[in-house]
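In: below are the sequence and a predicted model for it; my questions follow.
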Amino acid sequence: MTEIPRRDPRREWIARNRLHPEHRELLAQRAGGTRSEWMGPGGLMRKDPHALGFIGPNGIKRIDRSGGQQGGQVAAAGSVATQDSRRVVEIPEPAFLVAVVPDMAGGRLSAHDRDLLGLARQLADTDPERPGAVLAVLFGEHKDSSLGEAGIDRLLHLDAPGFEGFAPEARLGALVAVERAWQPRHWLLPDSPLGGADLGRRLVARLGERPATGVWQLEADAEAPLGWCCTARGATDSLDFRRPLPRLVLALAECAEPVSETRHAARGMALPVALPSQLARIEDLGPVAVDPAGVALSEAEFILSAGNGVGDWAGFHHAARVLGATEGASRVAVDDGHMARDRQVGATGTWVSARVYVAVGISGAIQHLQGIQGCDKVVAINMDPGCDMIKRADLAVIGDSTRLLEALVALVEQSREEKRDAA
């Protein structure tokens, strides 16, 4: 037999097609066998750009926002390794603390929060012989079970009723108590309109220190007082300023790469001092009712999106109103004139990060799948069980979209009527 290596065009096609059911199994064989590189048909070495730690053509490590690489390595059994396979990091006696106050919008860590925790890990892991610990201060109820995977070593959870909703004075008093009890080396807060920017500036004014706002990059600098310099945006985002890193930092999104290769303890802590009593000068009357149709797609948490498979558009709009969902659409539905251009979801439209994304009659073009990779849960309603959207979905329903939406609306209206009768 000849010793000339033979190409397998089908295996190469599966390796390129991330939506193929055998794609992960093939990657697992490569990871456990040879490598994530192979010889192309022209004699050139090809690299898998989706492999963990892939270095791009500019020498920059690729950041995977889809979560597909967060398992660390590919398991030999043919599936992506679970988070339990990550390297476990335990810091029993940290040399110092880096305090982080995430926004926790909707009770979960946002992409901005995870970037901030990645930044905190850079500061905490400066000296491997005397490592610091990342302390996360959470207010109110949280529903996130992946705090340790995000890089948190210590967790202070303050869930008293006084911290719920908009309570800047109560939260500020708690942060001041944390400062007096543990004196963190750094304070990191998200420079975002969800609360972090306001709370961070209140903390700065209370502590009387000069902060760094709009930070998007850190660089080690031995001559700086704390060993770091930061680059921050200013002048309405038209200029960058470089300065020594202060104790209090308000950072922008994508300021660092999120933690993806280690698991941390997220050990609970309690304040050794009593929280100061707060004057109830601000009363939170609850959220204001907002029309879901007026919510931008990039900010919506619940999206009902329509594609070419929708036959009853009046029924689709009625279902969106009853469910309280923001309407979205595929490019085909927009091009056909069924939806406005600003409702288009995908790489050629709007990238969304909804907690729940319901795709009705959408087959799943690659541009559309790219636009929804930041969504937490994806539900697909489609007649074709082999379409790409069904493969991507966390929950798939095979059937006629018109009848399914009618049944769903009927169930929701019945449930609401029963609640009104019980009240």
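Out: Happy to help now that I have it.
In: pretty sure residue 263 sits in a helix.
Out: No: counting by DSSP: H, G, I helix; E, B strand; the rest coil, residue 263 is not found in a helix; it is strand.
In: I figured it hits residue 146, correct?
Out: No: between residue 263 and residue 146 there is no contact under CB atoms under 8 Å: 9.3 Å. Heads up, the C-betas are built off the backbone N, CA and C, glycines and all.
In: between these two, which one's more packed in?
Out: residue 263 (20 against 14; other CB atoms under 10 Å).
In: excluding covalently adjacent residues, which one is nearest to that one?
Out: residue 86 (4.5 Å; CB to CB, 6 or more residues apart in numbering).
In: and the gap between that neighbour and residue 347?
Out: To residue 347, residue 86 is 30 Å away according to CB to CB, to the nearest Å.
In: residues contacting residue 321?
Out: residue 292 (CB atoms under 8 Å, 6 or more residues apart in numbering).
In: rewinding a little: show me which of residue 86 and residue 347 is the more surrounded one.
Out: residue 86 (20 against 16).
In: my read: the more buried one touches residue 151, true?
Out: No: the pair residue 86 / residue 151 is not scored as a contact, 11.0 Å apart, by CB under 8 Å.
In: identify the contacts common to these two.
Out: residue 262.
In: how about the strands in the stretch 101-250 of the chain?
Out: Along the stretch 101-250 of the chain, the segments classed as strands by DSSP state E, counting those that start in this stretch run 133-139, 154-158, 186-190, 212-220, 228-234, 239-244, 248-251.
In: could I have the fifth one exported to PDB, CA atoms only?
Out: As requested, C-alpha coordinates have been extracted for strand 228-234 and formatted as PDB (Å, rounded to 0.1, in the frame of the first residue of the first chain):
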ATOM      1  CA  TRP A 228      -0.100  49.200  36.400                       C
ATOM      2  CA  CYS A 229      -1.100  51.900  33.900                       C
ATOM      3  CA  CYS A 230      -4.500  52.200  32.300                       C
ATOM      4  CA  THR A 231      -5.800  53.600  29.100                       C
ATOM      5  CA  ALA A 232      -9.200  55.400  29.300                       C
ATOM      6  CA  ARG A 233     -11.500  57.000  26.800                       C
ATOM      7  CA  GLY A 234     -12.200  60.700  27.100                       C
END
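In: what's the average pLDDT for it?
Out: Mean pLDDT, strand 228-234: 90.
In: so which bits of it are buried?
Out: 228, 229, 230, 231, 232, 233 (16 or more other CB atoms under 10 Å).
In: how about the fourth one, nearest residue that isn't a chain neighbour?
Out: So the one you mean is residue 231. Using CB to CB, 6+ apart, the nearest residue to residue 231 is residue 217, at 4.2 Å.
In: list the buried residues for stretch 306-320?
Out: For stretch 306-320, a neighbour-count test (16+ other CB under 10 Å) marks 306, 307, 308, 309, 310, 315, 316, 319, 320 as buried.
In: in JSON lines, list these along with distance to residue 202 and secondary structure.
Out: Listed next are the buried residues of stretch 306-320 as JSON lines, based on distance: CB to CB, whole Å; DSSP: H, G, I helix; E, B strand; the rest coil:
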{"residue": "306", "distance to residue 202": "43", "secondary structure": "strand"}
{"residue": "307", "distance to residue 202": "45", "secondary structure": "coil"}
{"residue": "308", "distance to residue 202": "50", "secondary structure": "coil"}
{"residue": "309", "distance to residue 202": "50", "secondary structure": "coil"}
{"residue": "310", "distance to residue 202": "47", "secondary structure": "coil"}
{"residue": "315", "distance to residue 202": "48", "secondary structure": "helix"}
{"residue": "316", "distance to residue 202": "44", "secondary structure": "helix"}
{"residue": "319", "distance to residue 202": "42", "secondary structure": "helix"}
{"residue": "320", "distance to residue 202": "38", "secondary structure": "helix"}
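In: show me which of these is closest to residue 95.
Out: residue 320 (53.0 Å; CB to CB).
In: so the closest one is in contact with residue 295, correct?
Out: No: counting by CB under 8 Å, residue 320 sits too far from residue 295 to count as a contact (11.4 Å).
In: hey, what's in contact with both of those two?
Out: Joint contacts of residue 320 and residue 295 (CB under 8 Å, 6+ apart) are residue 326.
In: output the lowest mean pLDDT helix or strand found in the chain.
Out: strand 37-39 (a mean of 59; mean pLDDT, DSSP states H and E).
In: okay, now the unreliable bits of the protein?
Out: 1-7, 16, 18, 24, 27-85, 277-280 (pLDDT under 70).
In: which ones are touching the residue most central in space within it?
Out: Residue closest to the average C-alpha location in the chain (CA atoms, centre = their mean): residue 111, at 3.2 Å. Contact analysis of residue 111 by CB under 8 Å, 6+ apart lists 65, 253, 258, 353, 374.
In: looks like residue 380 contacts residue 362 (just checking).
Out: Yes: taking contacts as CB under 8 Å, residue 380 lies within contact range of residue 362: 7.3 Å.
In: and the two? Which one has more around it.
Out: Neighbours were counted for residue 380 and for residue 362 using other CB under 10 Å; residue 362 has more, 32 against 26.
In: brilliant, that's me finished.
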